[in-house]
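Asker: what follows is a predicted protein model with its sequence.
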Amino acid sequence: MDVLSLIGVLLAFSAIIGGNIIEGGHLGALLNPSAAVIVLGGTLGAACLQTPWSVLRRCLKIAIWVFTPPPLSAAALLEDILLWSNIARREGLLGLESIAEQQRDRFFQKGLQLLVDGSEPTHLRDAMESEIDLRLETDLAAAGVFEAMGGYAPTIGILGAVMGLIHVMSHLADPSKLGAGIATAFVATIYGVGTANLLFLPFASKLKSLVQRRVQHMEMLVEGLVAISDGENPRNIELRLQAYIAQES
């Protein structure tokens, strides 16, 4: 669990609600089911309209990364690569076959299997980098769904406010309903601007940074596998990959 992300969400909404209370408002004034339906439903609908199903499905899958990021440790990966390098030097590349079969990550399994099969370093690198590029493109598109929602939400919030004002105008004959009606109408604008800037856009930025970090992790793996394929000394491999650990710290 990423505690910092959770604290960020709670702090953002607490600041909005707390500021409203300090100004003499009450929580009930910010609760409006119809405005929520208009803003959230309209935003989700627009995002679904512009997004292919495969990208939307990936977006739903990686959204949890905001609060539960994938466990990525350059130091732990370096230990694994050095272990594989020592096994390869003692037993040959075929000694890594059982390790390849034990990998739960398909990317790791593919890389190790290419290594075991005796693929040329250039072929191994090309095959793995092609998959990295594909994953990067897919995951950035998935993160972009939240970015798009952050663009739609404020506009749909204004649309909700205009719809609310139209409803208020129908009660001009009863001035007692105008104040409450106008206040309710502008709640939709609060929902639109609030969800865009407190949820959707931060979610998109966080996911993009995690996607880039995951790509660096995969690139480190590729460098390590290519070095093992070239028969490099484990000490040289460690020195080469230290830069990835420095980036992570």
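Answerer: Noted; the coordinates are in hand.

Asker: buried sites along stretch 108-117?
Answerer: Within stretch 108-117, the residues that count as buried by 16 or more other C-beta atoms under 10 Å are 108, 110, 111, 112, 114, 115, 116. Just so you know, the C-beta spots here come from the backbone N, C-alpha and C atoms, and that holds for glycine as well.

Asker: give me the contacts around it.
Answerer: With contacts defined as C-beta atoms under 8 Å, 6 or more residues apart in numbering, stretch 108-117 is touched by 84, 88, 93-94, 96-97, 99-101, 103, 123-124, 127-128, 131, 221-222, 225, 228-229.

Asker: check the offset of that stretch from the chain's centre.
Answerer: Counting by C-alpha atoms, centre = their mean, to the nearest Å, stretch 108-117 is centred 27 Å from the centre of its parent chain.

Asker: same question, stretch 7-21
Answerer: 23 Å.

Asker: put the alpha carbons of it into CSV.
Answerer: Taking C-alpha atoms only, stretch 7-21 is exported to CSV below (Å, rounded to 0.1, in the frame of the first residue of the first chain):
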residue,chain,number,x,y,z
ILE,A,7,-2.6,10.6,2.5
GLY,A,8,-2.7,12.8,-0.6
VAL,A,9,-6.3,11.9,-1.4
LEU,A,10,-7.4,12.3,2.2
LEU,A,11,-5.6,15.6,2.6
ALA,A,12,-7.0,17.0,-0.7
PHE,A,13,-10.6,16.3,0.1
SER,A,14,-10.2,17.2,3.8
ALA,A,15,-8.8,20.6,2.7
ILE,A,16,-11.9,21.2,0.5
ILE,A,17,-14.4,20.1,3.1
GLY,A,18,-12.6,21.8,5.9
GLY,A,19,-12.3,25.1,4.0
ASN,A,20,-16.1,24.9,3.3
ILE,A,21,-16.8,24.4,7.0
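
Asker: let me see the mean pLDDT of stretch 76-87.
Answerer: Taken as a whole, stretch 76-87 has a mean pLDDT of 94.

Asker: list the buried residues in it.
Answerer: 77, 78, 81, 82, 84, 85, 87.

Asker: and the contacts of that stretch?
Answerer: 95-96, 99, 112, 217, 220-221, 224-225, 227-228, 232, 234, 237-238, 241-242, 244-245.

Asker: among those, name the ones in helices.
Answerer: 99, 112, 217, 220-221, 224-225, 227-228, 234, 237-238, 241-242, 244-245 (DSSP state H).

Asker: what sits against the most centrally placed residue in the chain?
Answerer: Nearest to the geometric centre of the chain sits residue 207, at 2.2 Å (C-alpha atoms, centre = their mean). The neighbours of residue 207, taking C-beta under 8 Å, 6+ apart as the test, are 62, 63, 65, 66, 139, 142, 143, 146.
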